[in-house]
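Student: Need a 3D model of the sequence below.
(3 chains)
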Amino acid sequence: MGAKHFGARVTRLEDPALVAGHGRFVDDVKLPGLLHACFVRSPHAHAKLRGCDARAALAMAGVHAVLTADDLPEPMRATPLALLLPNPALIVARTQTALARDEVCYVGQAVAVVIADTRYIAEDAAAAVIVNYEVLPAVADCRAAAEEGGPCAHSDLKTNIASTFTLTYGDVDAALENADYVFHEALWQHRGGGMAIETRAVLAHHDPLSDLLTVWSGTQTPHIGRRMLADLIGRDLESIRMIAPDVGGGFGPKAIFYPEEAVIPAAALEVGRPVKWVEDRREHFLCATQERDQYWDVGIAVDKNGKVLGIRGRMVHDTGAYVPWGIVMPYIAATTVPGPYVVPSYQLETVVVLTNKVPTTPVRGAGRPQAVFCMERLLDRVAHELQIDRAEVRRRNLIQPEQMPYEVGLLFRDGKPLIYDSGDYPRGQDKALALAEYDDFRERQKAALAQGRFIGIGLANYVEGTGLGPFEGVTVRVLPSGEVAVATGATSQGQGTRTTLSQIVAEQVGCRIADVVMTIGDTAAISQGVGAFASRQAVNAGSSAYVAGTAVRKQLLTLAARALGVVDADIDLEDGMATSRRGNKPSISFGDLARLAQGIPGVSLPVGQSAGIEHTAYYTPTQAAYCSGTHVAEVQVDAMTGGVKILRYSVAHDSGRVINPLIVDGQVQGGVAHGIGNALLEWMQYDDNAQPLTTSFADYMLPMATDVPTCAIAHVETVNPLNPIGVKGAGEGGTIPAPAAIVAAIEDALTPFGVHFAETPLTPERIVATLRSAGAYDRLFAG
Amino acid sequence: MGRQATRVTVNGKSYARVVDARLTLADFLRHDLNLTGTHLGCEHGVCGACTVLVDGRSARSCLMFAVQANGCEVTTVEGLAPDGQLSVLQQAFIDNHGLQCGFCTPGMLMTLTELLRDTPNPSEDEVREALTGNLCRCTGYAGIVAAALDAAHKLRGTAKPGAR
Amino acid sequence: MKPAPFEYHAPRQLKDAAELLARLPNAKLLAGGQSLVPMMNFRYVIADNVIDLGRVDELRGVALVNGALRIGAMTRQRDLEFSTDIAKHCPLMAEALRHVGHRQTRNRGTIGGSLAHADPAAELPAVCAAYDATVHALSVRGIRQIALREFYTGYMATALAADEMIAAIDLPVWRLGHGHGFHEFARRSGDFAIAGAAALLDVGADNVVRRAALTLFGVTAAPLRVEAAETQLVGKPLDAAAIRAAAAAAWLVEPISDIHAGGDYRRHLAQVLSARALNDAARRAGVEA
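Tutor: Numbers count the residues shown, from 1 in each chain, chains lettered A, B, ... in the order given. Just a heads-up that it's a prediction; the model follows:
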């Protein structure tokens, strides 16, 4: 491409303000007359609401209002939040109302909100609100809940099954019949959270002069939020502006629309003053959506060379009490199992079960870690049983690059056939193995064993559908100052959106990156928007930036050519100047060109010239962009304590063309850290009454700096043929295969004891219990 | 109930205020003094986003009350670049992609400022150990560790081998 | 997560602190705040009065007094970490402190606060138990001495009366040249231990154990001296078999069970970590076991 900015390790534009402590997160926004909110939340996982007495709370000094469902405006008073992703396979398409009306279905569900002078006072008052609960039996275990005859998560329903669907292609029954070998695995992946370090926050302000309702929200999707809110609060879309300012991490849970995002604006309208709600960490553990929590029963059929003939199984997915995002995640999980492998036949029955827990919606990986765990554990099993090296058994089954584009045989969650557009999976695996020095590993393992140390290696492959539609627009406009203004519906929670899009625009337009002034995450800046999730912004907004930038480039060339008396082809654009190649190389600045493009009042523009220098592009992908990768984990296990240390972590990562390697590597490294958390540490635990047990960072463990090694990362850039810049998404790849690779490595380390693992998090306690059952300590305690 | 006078020096400037006894130091800094660089991530003393220096030593400002800081000298992230000139450590964060969302970053900077002052030549393990009181969900720590080691080298006047 | 309202008191004299504690209703002592304030923020603790001991200078300091290290209750963990007296006379504590929380919590946290908070997994109470420490409990009624063995009365419960505070802790030092060993298992660096063992061994030139202390923490509701292991070791030659046998005595404890770990696992760790701690203590005492 002859690129100057695209592909460069540009240090981030976001950083100088952030390192100086000048970020502007929702709680940093101050408005005169600001009041503060605290929600009254259900302490029960399932209960009927029998009334609310707020008199004591209202009597407290500094308390302005206590609102329950009936105090909310229509239609949010009784109409549930919209279901964003409807699906015909949904039997129970239930979402919650903004404040609970008759029944609460998870601990933490909001029943009322207190508005007071300070958060301190609001909390005092919230504690004084008396709510009458009639406690009902709670549903905690999704497998039990899937059976008939037990209690229901919703008292008016006769079933807990929100959906059941089967995905299939090929003749899987024949495959299992005729196979040389069939192996079964029962797998479990726990529930966990995105756990951004910044909790959620909403600030709402109504200006009576303009009747504009402005809402700042720590959201990944302000445009979606705006239209959800407009519908719930009964106002025109145009009378609402939603802004996602600096957001301290998203990871998925901040992509959905929450009840608080409707209640706080309603409260601001009700009290006639700005109202802010900043979630505290305990609320976040209760009410921010979570993910994982699936039970898989699967069988794999192979021939005697380890070639896969078919996979058949059943997966039970705990969706929590509501389905705000439908069945997207279990669907993604179900379609991700075949991964980068040739799987000639496939059948997976999925049962999506309601329980009295907070709903599950995508968290970094969005169902794919579970699917990859399934596939990779199955392949490891095949390797073990058939005594084939684990990398080799994968090699024998990987889709070859000449088979691209590869049609899997399923429909992906984007509504399109699952067709991998590009990728070189064997090369990715080879690169990762080389980085990990896999070929020498057995030597290293033997040497360690001689010293009494147990080390192991594990690998896992994945394919991830990214860059999902429908679109993400970008407007590029050259200003009379010479700056290039960019507006986009894309948002940022740390992925460096501002920087990567500036690189693309600067590249196309021919200005300096420093000249780009960008507005992101603001519904006032661009009319249509979607937001950040499913690793989609580089593809969608990046492509739009490219298209808009290219269009603006053309406008600049035409204007400059006219101004300098030459043809377009004689103009060079660089660093904000248009320079002729002819004569004494006259030049004109972008600013001056922008002035020219304003025209003269009353005078027609020359033929072929358009108004201003600007273009808005909404690139719309035809299907997902499939990225891929291979992870190799090397671990050391203390067989006496079950403690696991990750010695080394190697990644080969294909996210198509890389806009900024610094940022992509950062996404991979951060994703791996999350994957390490999923593999070894993170577990949102509930008791039999669906009471959350891990509700603080002391109990729910996030990886620390001593838990995450610096990864070795190799890039494989298979260009995506479906978008103009050849990119694919990069946000989740680090997380997806990590649990599979790490668990495989632990199992490999403990080969002398012949143990097998099929769950995450794989805790030290579990490792010790497994070793004990295998008789390991008879040997180990003897000395 | 419980209003109390307190005088705290923050980033070299003295502030005398009457505050609720239960007002945390973090909230005092963020809302009374409008120094919003110090962030709240958990309010129970684990995540470290609220880390400041109290009399030169790192402390979780969510676990102190403003009245406890009476007579103390507090340094926040805003105090690292008093005249707008970023510190060596702050610049190292930029150079080494040591931040993504930036929310944990002020806490990281305060912890590392203390570390580099007390241990001018830390090993990678020492840096990682020092960072265990600060959680990051975005970066996977690699850029933060690289930034700390880079800054340590620069502050000692040596060039880091293989530095970007 | 903001605390409930309270009145704040910051006495400068120890006697004033004792007087406030005796007089004020529903009063909590604020030492380092690293355990108390999170509980106040969660509103698990609602105090009407908070007595901040941070300005009572009499409560700080480390001094060798009559063969014991006398440590003021408000001595910050950080100061213990860097104390030459502790390093010389109580190497077990110096080692244990590396596992206590994080730099930020040690900068503020105190030894008195840790002992009074009585978390079963805390390191400092275990170290004090290993040294047969004495707690000086102060109230308006005077000072009384409580042996560490009697100090913990149950899960997060101490023998302190409602109006008593820890003023100081005496750690009788062991002979210079004794060996110490400290091992804990935590999920992440600085986390509360799931289980831990602290060992002290005084071994004669003939490799016979003169004195032994083995304390488990995180395993039972309070730090536990494994007397069965100690009596097994004393008076006998110290070798690998003796250590293994002593560690096996740790198996006989009745462990606690919670969301972090079950009893069986804790019992297993007790044995593993006891062996490791004893081995380190043996090595440091000059014995290759």
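
Student: what's the neighbour count on the residue in the stretch 101-250 of chain C positioned nearest to chain A?
Tutor: With Cβ to the nearest Cβ as the measure, C:Ser189 is the residue of the stretch 101-250 of chain C nearest to chain A, at 4.5 Å. C-beta coordinates here come from the backbone N, C-alpha and C atoms, glycine included. If you count neighbours by other Cβ atoms under 10 Å in any protein chain shown, C:Ser189 ends up with 18.

Student: dump the residue contacts of it.
Tutor: Remark: with contacts taken as Cβ atoms under 8 Å, 6 or more residues apart in numbering or on different chains, C:Ser189 is in contact with A:Met704, A:Thr706, A:Asp707, B:Glu129, B:Thr132.

Student: mind listing what the second one touches?
Tutor: With contact set as Cβ under 8 Å, 6+ apart, A:Thr706 has these partners: B:Arg128, B:Glu129, B:Leu131, B:Thr132, C:Arg188, C:Ser189.

Student: so what's residue 81 closest to, chain neighbours aside?
Tutor: No chain specified, so I'll use chain A. Taking Cβ to Cβ, 6 or more residues apart in numbering or on different chains as the measure, A:Leu81 lies nearest to A:Thr95, with 4.7 Å between them; neighbours along the chain are not counted.

Student: wait, chain C
Tutor: Using Cβ to Cβ, 6+ apart and skipping the chain neighbours, the partner closest in space to C:Glu81 is C:Leu97 (4.6 Å).

Student: Now do that neighbour, the pLDDT please.
Tutor: Model confidence at C:Leu97, given as pLDDT, is 97.

Student: Please apply the same query to A:Tyr181.
Tutor: What the model reports for A:Tyr181 is a pLDDT of 98.

Student: For the residue of chain B at minimum distance from chain A, which non-adjacent residue is spatially closest?
Tutor: Among the residues of chain B, B:Gly37 lies closest to chain A, at 2.1 Å counting by Cβ to the nearest Cβ. Counting by Cβ to Cβ, 6+ apart, A:Gly21 is the residue found nearest to B:Gly37 once chain neighbours are left out, at 2.1 Å.

Student: mean confidence for the helix or strand harbouring A:Lys431?
Tutor: With the criterion set as DSSP states H and E, the secondary-structure element containing A:Lys431 is helix A:425-435. Helix A:425-435 shows a mean pLDDT of 98 in the predicted model.

Student: Most neighbours of all the contacts of A:Thr706, which one?
Tutor: The most neighbours, when the contacts of A:Thr706 are compared by other Cβ under 10 Å, belong to B:Leu131, which has 26 neighbours.

Student: What's the local residue count around the residue in chain B that chain C sits nearest to?
Tutor: Here chain B gets closest to chain C at one residue, B:Gly133, 3.2 Å apart by Cβ to the nearest Cβ. Burial of B:Gly133 is recorded as 27 neighbouring residues (other Cβ under 10 Å).

Student: all helices in chain B, in order from the N-terminus.
Tutor: Applying DSSP state H to chain B gives helices spanning B:25-27, B:88-95, B:105-118, B:124-130, B:142-156.

Student: Need the residues that contact the second one.
Tutor: If you take Cβ under 8 Å, 6+ apart as the criterion, helix B:88-95 is touched by A:11-12, A:15-16, A:19-20, B:80-81, B:86, B:98-99, B:105, B:108-109, B:112-113, B:116, B:143-144, B:147-148, B:150-151, B:154-155, B:164.

Student: Once you drop chain neighbours, what's closest to the residue most central in space within chain C?
Tutor: Most central residue of chain C, judged by C-alpha distance to the mean C-alpha position with Cα atoms, centre = their mean, is C:Pro125 at 1.5 Å. The shortest distance from C:Pro125 to any non-neighbouring residue, by Cβ to Cβ, 6+ apart, is to C:Pro223 (5.0 Å).

Student: now do A:Ala490
Tutor: What sits nearest to A:Ala490 in space, not counting adjacent residues and going by Cβ to Cβ, 6+ apart, is A:Ala541, at 3.8 Å.

Student: in terms of contact, does the one you found touch A:Thr497 like I think?
Tutor: Yes - taking Cβ atoms under 8 Å as the contact criterion, A:Ala541 and A:Thr497 are neighbours in contact, 7.1 Å apart.

Student: Mutual contacts of the two, please.
Tutor: Common neighbours of A:Ala541 and A:Thr497, using Cβ under 8 Å, 6+ apart, are A:Thr488, A:Ala490.

Student: what's the pLDDT at the residue nearest to the spatial centre of chain B?
Tutor: Compute the mean C-alpha point of chain B, and by Cα atoms, centre = their mean the closest residue is B:Met110, 2.3 Å away. With respect to pLDDT, B:Met110 has a value of 98.

Student: who's in contact with it?
Tutor: If you count contacts by Cβ under 8 Å, 6+ apart, then B:Met110 has B:Thr51, B:Val52, B:Leu53, B:Ser58, B:Thr75, B:Thr76, B:Val77 around it.

Student: re earlier: the residue nearest to A:Ala490 and A:Gly489: what is the separation?
Tutor: Distance check for A:Ala541 against A:Gly489: by Cβ to Cβ, to the nearest Å, it reads 7 Å.

Student: Spit out the residues that contact these two alike.
Tutor: Common neighbours of A:Ala541 and A:Gly489 (criterion: Cβ under 8 Å, 6+ apart): A:Glu472, A:Gly473.

Student: Excluding chain neighbours, give the residue nearest to A:Thr579 in space.
Tutor: Of all residues not flanking A:Thr579 in the chain, A:Ser587 sits nearest, at 4.0 Å (Cβ to Cβ, 6+ apart).

Student: Surely the one you found and A:Asp575 touch.
Tutor: No - contact between A:Ser587 and A:Asp575 fails when scored by Cβ under 8 Å: they sit 10.6 Å apart.

Student: Report pLDDT for the closest residue to C:Leu200 other than its chain neighbours.
Tutor: Leaving aside its chain neighbours, C:Leu200 sits nearest to C:Ala213 (4.2 Å; criterion: Cβ to Cβ, 6+ apart). Turning to C:Ala213, the model gives it a pLDDT of 98.

Student: strand partners of the helix or strand hosting C:Ala213, parallel vs antiparallel please.
Tutor: According to DSSP H and E, C:Ala213 maps onto strand C:209-217. Sheet pairing for strand C:209-217, assigned by DSSP bridges, gives strand C:195-203 (antiparallel), strand C:224-225 (antiparallel).

Student: ranking these by burial, who's on top?
Tutor: strand C:195-203 (a mean of 29; mean count of other Cβ atoms under 10 Å in any protein chain shown).

Student: list the contacts for residue 156?
Tutor: Just so you know, I chose chain A. A:Asp156 sits next to A:Glu103 when contact means Cβ under 8 Å, 6+ apart.

Student: meant chain C, my bad for not saying
Tutor: Here C:Met156 is in contact with C:His117, C:Ala118, C:Asp119, C:Pro120, C:Ala221 (criterion: Cβ under 8 Å, 6+ apart).

Student: Also A:Val708?
Tutor: When contacts are counted by Cβ under 8 Å, 6+ apart, A:Val708 is found next to A:Ile646, A:Gln669, A:Val672, A:Ala673, A:Ile676, B:Gly140, B:Tyr141, B:Ala142.

Student: 6 Å instead, please
Tutor: When contacts are counted by Cβ atoms under 6 Å, 6 or more residues apart in numbering or on different chains, A:Val708 touches A:Ala673, A:Ile676, B:Gly140, B:Tyr141.
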